[in-house]
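**Student:** Dropping a prediction and its sequence here:
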Amino acid sequence: MVLSQQQNSKKQDEQLVALPVVQVIQEADEVRTFRLDNSEGLFPLHKPGMFVKIRLNISGAKVWRSFSISSSPLHPEKIDLTIKRNSHGQVGNYCFEHIRPGTLVHLKGPLGQFYFDQEQHLEPLVLLCAGIGITPMMSIVRYLNDLNQNRLCYLFYGARTHRNIIFDEETRQLITQMPGFNYFLTLSQPTPHWLGYCGYLNYEFMVSKIPQVTTSRFFLCGPRGFNQEFEEQLLEAGVPQALIHSEQFHKKRKPQ
């Protein structure tokens, strides 16, 4: 059955919940986390890696956008949406300019098939991300930390400059709390004083850091070319398709 635009809009609105913003956290240049109060349990439990759709009223028009949840499902009292501002985008600019503590955010979800399932995904985890693609990965890493299990997990993160790094302090703290957690950060445009890894995150760098490629489970989240290149190389290396998860909703979203 094909719904009319009016019927479809009504159907979407029926699934909406309204949660107030309780905190706005500056994560990096042009990146903020908008923390929503879900203490009443209006928003259903999510799996780490899933996303939501939010509805904004911009200049009298209803605008929908999708954002990954960056908080852990084991803290359901809060829902964190970490958003990158695009100077040419409509929604990101609106969020930065108009959403403050106390603002009601209308959203529906959780949505998506890109998520970690601790009962079914028993292999070592390799999380590969670039830019704002780290947001669903942080939900997974925070979830693993909350489970208090010594799970083998590798987080590979590519950013442009040191000013673009998201969650770096927290992630480095998690290394000391999670014996099985490994974190590799590389910058494509480092400053001269940068002492870490340099260059774009690529397959060769990844395989130099992990011993068990074909028996690991991979989660990919980044620009379209990033995901496609890694997936092709993993398949060529013999990794089963069932062990590769690629976040795809970014392909259909309009610029933020």
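**Tutor:** Done, it's in.

**Student:** contacts and neighbour counts: CA atoms only from here.
**Tutor:** Noted.

**Student:** so His75 is in which element?
**Tutor:** For His75, there is no enclosing helix or strand under DSSP states H and E.

**Student:** neighbours of it, just the number please.
**Tutor:** 14 (other Cα atoms under 10 Å).

**Student:** now the strands: where do they sit in the stretch 1-150 of the chain?
**Tutor:** Using DSSP state E, counting those that start in this stretch, the strands found in the stretch 1-150 of the chain span residues 17-28, 31-37, 51-58, 61-68, 78-84, 104-111, 125-130.

**Student:** Turn those strands into TSV, including distance to Leu195 and mean pLDDT.
**Tutor:** Formatted as TSV, the strands of the stretch 1-150 of the chain follow (distance: least, Cα to Cα, whole Å; pLDDT from 0 to 100):
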stretch	distance to Leu195	mean pLDDT
strand 17-28	19	97
strand 31-37	23	98
strand 51-58	34	95
strand 61-68	30	94
strand 78-84	26	97
strand 104-111	39	96
strand 125-130	19	97
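
**Student:** Out of the ones you listed, which gets nearest to Leu152?
**Tutor:** Leu152 sits nearest to strand 125-130 of all the strands of the stretch 1-150 of the chain, at 6.4 Å, using Cα to Cα.

**Student:** That closest one packs against which elements?
**Tutor:** strand 153-159, strand 217-221 (3 or more Cα pairs under 8 Å, 6 or more residues apart in numbering; DSSP states H and E).

**Student:** Just the C-alphas of the last one, formatted as CSV.
**Tutor:** Only the C-alpha atoms of strand 217-221 are listed here, as CSV (Å, rounded to 0.1, in the frame of the first residue of the first chain):
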residue,chain,number,x,y,z
ARG,A,217,33.5,-9.0,13.1
PHE,A,218,33.7,-5.6,11.4
PHE,A,219,31.6,-2.5,11.8
LEU,A,220,32.2,0.3,9.2
CYS,A,221,30.9,3.8,9.4
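
**Student:** residue ranges for the helices of the protein, please.
**Tutor:** 5-14, 91-98, 134-147, 168-177, 203-207, 224-236 (DSSP state H).

**Student:** Just the C-alpha atoms of the last one, please, in CSV.
**Tutor:** Extracted as CSV, the C-alpha positions of helix 224-236 are listed here (Å, rounded to 0.1, in the frame of the first residue of the first chain):
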residue,chain,number,x,y,z
ARG,A,224,30.6,6.1,1.1
GLY,A,225,34.0,5.5,-0.4
PHE,A,226,35.5,4.7,3.0
ASN,A,227,32.9,1.9,3.6
GLN,A,228,33.0,0.5,0.1
GLU,A,229,36.8,0.3,0.0
PHE,A,230,37.1,-1.4,3.4
GLU,A,231,34.3,-3.9,2.5
GLU,A,232,35.8,-4.8,-0.8
GLN,A,233,39.2,-5.4,0.8
LEU,A,234,37.8,-7.4,3.7
LEU,A,235,35.9,-9.6,1.3
GLU,A,236,39.0,-10.1,-0.9
